[in-house]
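**Q** Compute the structure for the input listed below.
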Amino acid sequence: MNFALNIFTVLAVAAGAFFFLAGTVGLLRFPDVLTRLHALTKADNLGLGLIVLGLLPHAGGLLGALKLIGIWLLVQLSGAIVTQLIASLTRQDGSRA
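**A** A predicted model of the protein is given here:
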């Protein structure tokens, strides 16, 4: 059973790292601010979610698991707030580059 949990952890963390890499590629390749924000926030949220999911079996108890989930939720909240602020500033300026 421990081997299966280790394999699950490796697969989930690797998938999360892949989504982080995909978000970075989107950040570098997309043409304007709004599409870059979209690519980055979607990929980063999914990537961190998969990494947290992979680390949950190794959290060392309920308190460790709740800390991981709490960190994930705080990152979700802060990412949404920052993205909204950047998007509203971009729309006010009228610049899309």
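
**Q** Can you show me the helices along this protein?
**A** 2-29, 33-55, 62-93 (DSSP state H).

**Q** And the last one, what's buried?
**A** Within helix 62-93, the residues that qualify as buried are 65, 68, 72, 79, 90, counting by 16 or more other Cβ atoms under 10 Å. C-betas here are computed from N, CA, C, even on glycine.

**Q** which helices and strands sit right next to that helix?
**A** With contacts defined as 3 or more Cβ pairs under 8 Å, 6 or more residues apart in numbering; DSSP states H and E, the secondary structure elements packing on helix 62-93 are helix 33-55.

**Q** and the angle from the helix it packs on to helix 62-93?
**A** Between the direction of helix 33-55 and that of helix 62-93, the angle (axes from the mean of the first three to the mean of the last three Cα atoms, to 10 degrees) works out to 180 degrees.

**Q** Next, the angle from helix 33-55 to helix 2-29.
**A** Helix 33-55 runs at 170 degrees relative to helix 2-29, counting by the same axes, to 10 degrees.
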